[in-house]
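let's see this in three dimensions:
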Amino acid sequence: MNIAIVGTGYVGLVSGACFAEMGVNVFCVDINAEKIEGLKNGVIPIYEPGLTNIVQRNYDADRLHFTTDLPSVLNDMDMVFIAVGTPSDEMGNADLSAVFEVAKTIADNLSRYVLIVTKSTVPVGTTYRIKELIRKRLDDRGLSDLEFDVASNPEFLKEGAAVEDFMSPDRVVVGVETERAKELMSKLYRPFLLSNFRVIFMDILSSEMTKYASNAMLATRISFMNDIANLCERVGADVNMVRRGMGSDSRIGKKFLYPGCGYGGSCFPKDIRALIKVAENVGYEMNVLKAVEEVNNRQKTILFQKFNDYFQGDVKGKTTAVWGLSFKPETDDMREAPSLTLIRSLLDAGVNVRAYDPAAMNEAKRYLGESIYYANDIYDAANDADALIVPTEWKEFRLPNWRILRKIMNHHLVVDGRNIYNREELESYGFEYRGIGQK
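Numbering: from 1, shown residues only. Model (predicted):
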């Protein structure tokens, strides 16, 4: 089977490499020539555990190819996946310009049947808009009899575990409208699901909605727990105990009940905004999701508030260590990361920032330039600091040497944005501890 995947971001590159791992002949396509040349030379543009090895192995085996020229391979393909970015525009709508550019390229060069699959996260109805665009341009070319199909195949990959998620999915959602498309998608995914074929077929509109609804539910759980955590602080309860009590209820479950300093990344923020806009466009108001977004935006300010309150507003000239810059562990992605809200607030208040992240240091420079000190490790970041703030719970942050930190820091405040430390332990070393949702 030959497939092309247009877009070599998190979704496209992981998908292409994993399909190739199962023996599919894959062409990854991107208009960024520098990125494509880098991939040919083993330069992986994103940090994702396990991805480098799987890309290199399949490129060397001649199952994974990289090109900027979709027309040159298009008519040798059985399927073309559209996996380009759909960022939010200024109004919160998903920007579909890249999606439709790919559709135009397909329409203007197609000469045989192909299944066109939307893998980018797109508003409900986009796949049918792609179909209409391609059909019209084919008709304009005098190819009214040329058959093609469209399908929707949203991704549910977690950054930091994307390869594992793709190779062992808990489910694959596919929206189709013809048996031919269903057969092709079944054939493609069967090797991943030999022991338990978990492909859920549905109509295309429902498939597109499933992606948004899933992310909206997860984001809602996060914002709800952050709201509960903030209330816990005010009434004297401990959100960690509350979370354990809630999570033991089988109707609720344990996942996504961890309070923190807000969600970020490439999916939740833009998908929530896009779903709100989808509803507005059909005359419906998503009040719950608007509250989810409002709570999240407020939660991103909580780390600075705790730091500022501790020093009673007298923070100008202070130095703060920040451990963790990416929006979550095991990725270098800093899109809408809580660390950015924190650091910009610190800088605006005249605070010196010394930051460290295991993977996102280069990415941070794209957002923050030379406005902060980029430390060599966690202790370099904490040297002469008045406070330590932890927005991201990387594993290597969990068991630092508190005795060393006590000696090298000027003041001994720890603001724990992910509740990874034990208050009693830190207090035994002479630290002041501020967590989320705790007394």
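
could you measure from residue 434 over to residue 39?
43 Å (CB to CB, to the nearest Å). In this view, the C-beta of every residue, glycine as well, is placed from N, C-alpha and C.

actually residue 274, not the one I typed
29 Å.

just residue 223 next, same as before
From residue 223 to residue 39 the distance is 37 Å (CB to CB).

what do you get for residue 356?
Where residue 39 is concerned, residue 356 sits at a distance of 28 Å (CB to CB).

same deal with residue 433?
45 Å.

check residue 429 too.
Here the criterion is CB to CB. By it, residue 429 lies 46 Å from residue 39.

the more surrounded of the two?
residue 39 (24 against 14; other CB atoms under 10 Å).

in a helix, that one, correct?
Yes: the assignment for residue 39 (DSSP: H, G, I helix; E, B strand; the rest coil) places it in a helix.

just the endpoints, please. Distance across stretch 65-79?
End-to-end distance for stretch 65-79: 15 Å, by CA to CA, to the nearest Å.

for that stretch, buried residues please.
65-67, 70, 73-74, 77-79 (16 or more other CB atoms under 10 Å).

in helices, which of the residues you listed fall?
70, 73-74 (DSSP state H).

I'd guessed residue 203 sits against residue 174; true?
No: the criterion here is CB atoms under 8 Å, and residue 203 misses it with residue 174 at 10.3 Å.

looking at those two, which is more packed in?
residue 174 (23 against 12).

is it true that the more buried one touches residue 153?
Yes: under the criterion of CB under 8 Å, residue 174 makes contact with residue 153 at 5.2 Å.

name the residues contacting each of these two.
185, 207 (CB atoms under 8 Å, 6 or more residues apart in numbering).

can you show me the strands along the chain?
Secondary structure of the chain, counting by DSSP state E: strands at 2-6, 25-29, 64-67, 79-82, 115-118, 149-152, 172-175, 199-202, 319-323, 352-356, 373-374, 387-390, 413-416, 432-434.

so residue 211 makes contact with residue 153?
No: using CB under 8 Å, residue 211 is not in contact with residue 153; the gap is 9.6 Å.

intersection of neighbour lists for those two?
In contact with both residue 211 and residue 153: residue 173, using CB under 8 Å, 6+ apart.

how far off centre is stretch 8-28?
18 Å (CA atoms, centre = their mean, to the nearest Å).

typo on my end, stretch 332-349
The answer for stretch 332-349 is 16 Å, by CA atoms, centre = their mean.

alpha carbons of it, as CSV, please.
C-alpha atoms of stretch 332-349 as CSV (Å, rounded to 0.1, in the frame of the first residue of the first chain):
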residue,chain,number,x,y,z
ASP,A,332,9.7,20.5,23.5
ASP,A,333,6.3,22.1,22.5
MET,A,334,5.8,25.5,24.1
ARG,A,335,2.7,26.6,22.3
GLU,A,336,0.5,28.3,24.9
ALA,A,337,2.5,26.8,27.7
PRO,A,338,1.7,28.1,31.2
SER,A,339,5.5,28.8,31.6
LEU,A,340,5.2,31.6,29.1
THR,A,341,2.4,33.3,31.0
LEU,A,342,4.5,33.0,34.2
ILE,A,343,7.7,34.2,32.7
ARG,A,344,6.2,37.2,31.0
SER,A,345,4.5,38.2,34.2
LEU,A,346,7.8,37.9,36.1
LEU,A,347,9.7,40.0,33.5
ASP,A,348,6.9,42.6,33.6
ALA,A,349,7.3,42.8,37.3
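
so which bits of that stretch are buried?
332-343, 345-346, 349.

same deal with stretch 208-218?
208-212, 215-216, 218.

tally of neighbours for the closest residue to residue 288 other than its chain neighbours?
Counting by CB to CB, 6 or more residues apart in numbering, residue 288 lies nearest to residue 220, which is 6.6 Å off, once chain neighbours are set aside. Residue 220 is flanked by 19 other residues according to other CB under 10 Å.

contact partners for residue 220?
288-289, 292.

kindly report the same for residue 435.
So residue 435 contacts 416, 419, 421, 423 (CB under 8 Å, 6+ apart).

pick out the most distant pair among these.
419 and 423 (9.7 Å; CB to CB).

neighbour count for these two, which is higher?
Using other CB under 10 Å, the more surrounded residue of residue 419 and residue 423 is residue 419, with 21 against 18.

pretty sure the more buried one contacts residue 260?
Yes: counting by CB under 8 Å, residue 419 touches residue 260, with 7.2 Å between them.

coming back round to it: list only buried entries from the contacts of residue 220.
For these, buried by 16+ other CB under 10 Å: 289, 292.

tell me how many other residues crowd the closest residue to residue 383 other than its chain neighbours.
Nearest-residue entry for residue 383: residue 408, 5.0 Å, with adjacent residues in sequence omitted and distances by CB to CB, 6+ apart. Using other CB under 10 Å, residue 408 has 13 other residues around it.

what does residue 149 give?
20.

surely it is in contact with residue 116?
Yes: applying CB under 8 Å, one finds residue 149 in contact with residue 116, separated by 7.1 Å.

ok, so what distance separates the residue sitting furthest away from the middle of the chain from residue 111?
Of all residues in the chain, residue 142 has its C-alpha farthest from the mean position, at 41.6 Å, by CA atoms, centre = their mean. Going from residue 142 to residue 111 by CB to CB gives 12 Å.

do residue 370 as well
52 Å.

then residue 420?
Taken as CB to CB, the span from residue 420 to residue 111 is 56 Å.

can you check residue 323 too?
55 Å.

those two - which one has more neighbours?
For residue 323 versus residue 111, neighbours defined as other CB under 10 Å are more numerous around residue 323 (27 against 11).

OK, contacts around that one?
Residue 323 touches 355-357, 378, 381, 388-392, 394, 397, counting by CB under 8 Å, 6+ apart.

ok, 7 Å please
Under the criterion of CB atoms under 7 Å, 6 or more residues apart in numbering, the neighbours of residue 323 are 356, 378, 381, 388, 390, 397.

before we move on, what about residue 293?
So residue 293 contacts 272-273 (CB under 7 Å, 6+ apart).
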